[in-house]
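**Student:** what follows is a predicted protein model with its sequence.
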Amino acid sequence: PPQGPPQVSLAGQLQLDQVVLDQTSGPAASPLLRWQTLALALDDVQPLARKVKLGALTIKGAEFFLARDARGQLQLPARAAADAGPAAAPGGQPASGNAPGSTDAAWQLSLARLALQDGKLHWADASTRPAAALQLTGLTLQGEALHWPAERPMPIKAEAHLRQAGADQADAGVLRLDGQLHHQTAGIEVQVEALSLATLRPYLAAVLQPAVSGTLALKARLDWADGSAAPARLGLVLSEARLSDLQLRTVPAGQGAEAAPSASWQALVLTDARVDLLAHRLSIAKLQLQKPRLALARDGHGQLDVAAWAVASPPVAGPATPRPAPSAIHSSPGPAWQLQVKDLSWQDGGLQGADALPAGPLRLRLDQLRGRLQDLSWPPAAAAGTQPAVHLQLAARLARGKAQTAADATRSAQDSDAGQIEWQGGIGLAPLQADGRLTLRRLPLHLLMPYAADALPVLLQRADVGFQGQVQARQAATQQWLAAVQGDLQVNEVLV
């Protein structure tokens with residue numbers, strides 16, 4: 001205008017079809033991004049006034065390609081200009097950004113609607129063993145009233161299906177997000193359906209030696225605030241999570257892939273769990289475990305086999321890199337983690353144990369295992385009174401372990417009348433203590449004979465123990481135990 005600054009305003013429609021972007025800096029070209037159709041409505045674009053008002057942005061059939069090499073480095077597009085360093089403008093000012101003291105207005109951007117339809121993300125990771133090749137298919141993203149700088153939280157929705165790379169692979173899980181984003185706060189509802197843990201095996205193998213399989217489903221909410229406009233927070237609320245048909249398999253040499261799992265359960269159901277990542281606090285209202293199974297073995301050196309399940313961190317090659325001072329990462333390490341479990345229960349459990357340490361291999365099993373634990377906390381609070389704060393109900397059947405030889409099978413048949421163990425009462429962890437009612441029915445004491453074989457002058461062939469009464473035990477400050485027992489004891493069918 002004759003009496004004012006120049007103005008430029010653009011409006012209209014922009015469309016780009018069948019676009020392909022490739023990475024060409026390496027030894028061979030590799031895809032980075034491609035899409036079928038991109039349509040953008042320009043409502044009012046004023047570049048001189050630094051105002052961009054856009055209508056709808058719709059992207060159909062987009063494919064994104066991400067990769068990580070064996071060193072763990074993301075394969076990003078090469079930027080020669082960035083490698084050469086920022087160019088200097090005349091007068092020593094940076095080529096980008098405003099000069100010091102500039103009064104230019106900040107850019108303002110608004111987008112009325114964002115729609116990503118039928119997208120796909122390809123992920124290749126050579127840093128895992130085995131290498132991971134995954135895809136997110138059916139990728140959709142919807143957003144409305146997007147502004148920058150953000151004036152208010154922006155609603156956003158997303159959905160994707162996870163699968164292993166390959167044309168004939170079935171879905172291995174569904175991920176849905178629904179929430180609101182802001183540069184100072186965020187609240188996102190997260191839903192995961194039928195996520196196969198076997199698909200994530202390359203990543204689980206970095207921390208667990210057994211092969212893991214199972215299916216995960218959960219509903220959660222992530223809540224975050226940076227602390228500038230509201231108290232800082234970073235928390236996760238799991239309204240419900242279910243991990244079904246979990247199996248951990250360790251397959252020794254000479255055994256097939258159909259070997260029984262070392263650990264498994266039918267279902268683990270978690271209800272109302274809250275994680276405060278800033279206060280380091282985890283609280284669980286209810287945790288249910290259905291048909292848990294565990295096989296334990298101890299060798300002649302006293303080592304449990306489960307100790308080998310965790311994968312040791314590989315040694316760092318070359319000279320050690322100096323670690324930054326803690327103050328350079330966090331102002332403080334934060335409080336110690338706290339755990340609270342209001343209600344923990346398990347049903348129809350089983351435990352197989354094999355112990356090579358006593359004189360003669362010992363095999364035992366606990367089955368029909370059920371129990372309930374209430375008001376558990378960690379670190380344990382010191383007991384204010386004489387009564388333990390944690391309530392425990394426990395019942396199990398004790399018998400000879402799984403037959404390994406013909407002699408074991410014969411003894412197992414003779415132990416058809418396995419013993420019953422029941423406990424109802426309180427336990428404490430600070431100090432260690434127990435106060436409750438113990439019931440033993442036909443407990444086969446002779447199964448534990450290998451632990452006392454060197455101390456007894458006779459060989460105990462059979463003895464069934466029964467007991468019903470009250471038991472109180474407490475560990476004193478001197479680490480000695482103080483105990484009081486009142487009840488009826490029976491020892492039947494003794495054979496030496």
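**Tutor:** Yes, it's here.
**Student:** other residues contacting the helix or strand where Ala186 lies?
**Tutor:** Ala186 is located in strand 185-196, with elements delineated by DSSP states H and E. Residues outside strand 185-196 that contact it (C-beta atoms under 8 Å, 6 or more residues apart in numbering): 153, 162, 171-181, 213-226, 229-230. The way it works is simple: take the backbone N, C-alpha and C, and place the C-beta from them, glycine included.
**Student:** let me know the next secondary structure element after the lowest-mean-pLDDT helix or strand in the chain.
**Tutor:** Lowest on mean pLDDT, DSSP states H and E among the helices and strands of the chain sits helix 326-329, with a mean of 43. Next helix or strand after helix 326-329 toward the C-terminus (DSSP H and E): strand 338-355.
**Student:** pull out the buried positions in that following strand.
**Tutor:** Of the residues in strand 338-355, 341-347, 349-355 count as buried by neighbour count, 16 or more other C-beta atoms under 10 Å.
**Student:** double-check that Gly4 belongs to a helix.
**Tutor:** No. Per DSSP: H, G, I helix; E, B strand; the rest coil, Gly4 lies outside any helix segment and is coil.
**Student:** tally of neighbours for it?
**Tutor:** For Gly4, the count of nearby residues is 6 (other C-beta atoms under 10 Å).
**Student:** and if you look at Leu74?
**Tutor:** 9.
**Student:** Ala67 is in contact with that one, correct?
**Tutor:** Yes. Look at Leu74 against Ala67 with C-beta atoms under 8 Å: they come within range, at 7.5 Å.
**Student:** nearest residue to Gly349 other than its sequence neighbours?
**Tutor:** Distances taken as C-beta to C-beta, 6 or more residues apart in numbering put Leu369 closest to Gly349, at 3.3 Å, once the chain neighbours are dropped.
**Student:** quick check: which element contains the one you found?
**Tutor:** Per DSSP H and E: strand 362-378 holds Leu369.
**Student:** just checking, what packs against the helix or strand just after that strand?
**Tutor:** On the C-terminal side of strand 362-378, the closest following helix or strand by DSSP H and E is strand 390-400. Strand 390-400 sits against strand 362-378, helix 406-414, strand 419-429, strand 432-444, with contacts defined as 3 or more C-beta pairs under 8 Å, 6 or more residues apart in numbering; DSSP states H and E.
**Student:** check these for me: which has the lowest mean pLDDT.
**Tutor:** Across the helices and strands packed on strand 390-400, helix 406-414 has the smallest mean pLDDT, namely a mean of 47.
**Student:** re earlier: turn the buried ones among the contacts of strand 185-196 into a named ChimeraX selection, would you?
**Tutor:** To isolate the buried members of the contacts of strand 185-196 in ChimeraX, using 16+ other C-beta under 10 Å:
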select :153,162,171,172,173,174,175,178,179,181,213,214,215,216,217,218,219,220,221,222,224,225
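**Student:** so which of the contacts of strand 185-196 sit within helices?
**Tutor:** Among these, no residue falls in helices (DSSP state H).
**Student:** specify the beta-bridge partners of Glu159.
**Tutor:** Thr140, Arg176 (DSSP bridges).
**Student:** how about Ala158: what's its closest non-neighbour residue?
**Tutor:** Using C-beta to C-beta, 6+ apart, the closest residue to Ala158 is Leu177 (4.3 Å).
**Student:** show me what contacts the one you found?
**Tutor:** 156-159, 188-191.
**Student:** may I see the ChimeraX selection of the buried members of these?
**Tutor:** Buried residues among the contacts of Leu177 (16+ other C-beta under 10 Å), as a ChimeraX selection:
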select :156,158,159,188,189,190
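**Student:** which one of the contacts of Leu177 sits closest to Gln303?
**Tutor:** Ranked by distance to Gln303 (C-beta to C-beta), the contacts of Leu177 are led by Val190 at 39.9 Å.
**Student:** what's the pLDDT at the closest one?
**Tutor:** 97.
**Student:** gap between it and Ala285?
**Tutor:** 19 Å (C-beta to C-beta, to the nearest Å).
**Student:** what does Ala198 give?
**Tutor:** 30 Å.
**Student:** kindly report the same for Leu432.
**Tutor:** Relative to Ala285, Leu432 is positioned 26 Å away (C-beta to C-beta).
**Student:** kindly report the same for Leu366.
**Tutor:** For Leu366, the distance to Ala285 (C-beta to C-beta) stands at 28 Å.
**Student:** likewise for Leu236?
**Tutor:** 14 Å.
**Student:** between these two, which one's more packed in?
**Tutor:** Higher neighbour count among Leu236 and Ala285: Leu236, with 17 against 14, using other C-beta under 10 Å.
**Student:** run through the bridge partners of the more buried one.
**Tutor:** The partner residues for Leu236, given DSSP bridges, come to Leu222, Val275.
**Student:** where do the strands of the stretch 151-300 of the chain begin and end?
**Tutor:** Per DSSP state E, counting those that start in this stretch, the stretch 151-300 of the chain carries strands over the ranges 154-164, 173-181, 185-196, 211-225, 233-249, 263-276, 281-290, 293-298.
**Student:** I'd like those as CSV, with distance to Trp107 appended.
**Tutor:** What follows is the strands of the stretch 151-300 of the chain, written out as CSV (distance: least, C-beta to C-beta, whole Å):
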stretch, distance to Trp107
strand 154-164, 17
strand 173-181, 19
strand 185-196, 22
strand 211-225, 25
strand 233-249, 29
strand 263-276, 36
strand 281-290, 41
strand 293-298, 59
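**Student:** out of these, which gets nearest to Lys51?
**Tutor:** Using C-beta to C-beta, the nearest of the strands of the stretch 151-300 of the chain to Lys51 is strand 154-164, at 18.2 Å.
**Student:** any idea how far the closest one is from the chain center?
**Tutor:** On the basis of C-alpha atoms, centre = their mean, to the nearest Å, strand 154-164 sits 19 Å off its chain's mean C-alpha point.
**Student:** that strand - contacts with which helices or strands?
**Tutor:** strand 132-148, strand 173-181.
**Student:** turn these into TSV, columns for distance to Val20 and mean pLDDT.
**Tutor:** Below are those laid out as TSV (distance: least, C-beta to C-beta, whole Å; pLDDT from 0 to 100):
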stretch	distance to Val20	mean pLDDT
strand 132-148	18	94
strand 173-181	27	96
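**Student:** need those strands in JSON lines with distance to Gly419, can you?
**Tutor:** Formatted as JSON lines, the helices and strands packed on strand 154-164 follow (distance: least, C-beta to C-beta, whole Å):
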{"stretch": "strand 132-148", "distance to Gly419": "48"}
{"stretch": "strand 173-181", "distance to Gly419": "44"}
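**Student:** okay, how far is it across stretch 5-12, tip to tip?
**Tutor:** Length of stretch 5-12, first residue to last, C-alpha to C-alpha, to the nearest Å: 23 Å.
**Student:** thank you kindly, that will do.
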